[in-house]
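Participant: Next comes the sequence, and after it the predicted model I'd like to discuss.
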Amino acid sequence: MRTYSWFLEPMNAHTNAVFAREFSEENFCRGLRDKDGSSHNLWRCPGELIARFRNSSRELGISFFVYCREGNGALRLFTPPKSRSKTKRSNAA
């Protein structure tokens, strides 16, 4: 079974303050390196909260990147899958 760890990287001080209120200090991870060797200061986040933050990002005025790691593997930027259109265009004339 695959296990994933999820992390949020705040893009500004306001977002960092929001995450600091939401998570305990032990969830703050300094200097985690991604697969390219770049260092990041990230908040460990339960996967189920990511959608909540994404959906309320405009309302809360927050901006962040999402990273994930499979097991003890390399940290990588997470790009959500593109949503499919609910309606298909008709090619009929």
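Facilitator: Structure's in. What do you need?
Participant: What is the distance between stretch 57-70 and the centre of its chain?
Facilitator: Chain-centre distance of stretch 57-70: 5 Å, with C-alpha atoms, centre = their mean, to the nearest Å.
Participant: Ends of that stretch, what's the gap?
Facilitator: 25 Å (C-alpha to C-alpha, to the nearest Å).
Participant: for that stretch, what is the average pLDDT?
Facilitator: Stretch 57-70 comes out with an average pLDDT of 96.
Participant: switch to numbering from 50
Facilitator: In the new count, where the first residue is 50, that last one comes out as stretch 106-119.
Participant: what does that stretch rub up against?
Facilitator: By C-beta atoms under 8 Å, 6 or more residues apart in numbering, the residues outside stretch 106-119 that reach it are 51-61, 63-64, 67-68, 81, 83, 89, 91, 99, 102, 105, 124-127, 129. C-beta coordinates here come from the backbone N, C-alpha and C atoms, glycine included.
Participant: So for that stretch, what gets flagged as buried?
Facilitator: Across stretch 106-119, burial judged by 16 or more other C-beta atoms under 10 Å covers 111, 113, 115-118.
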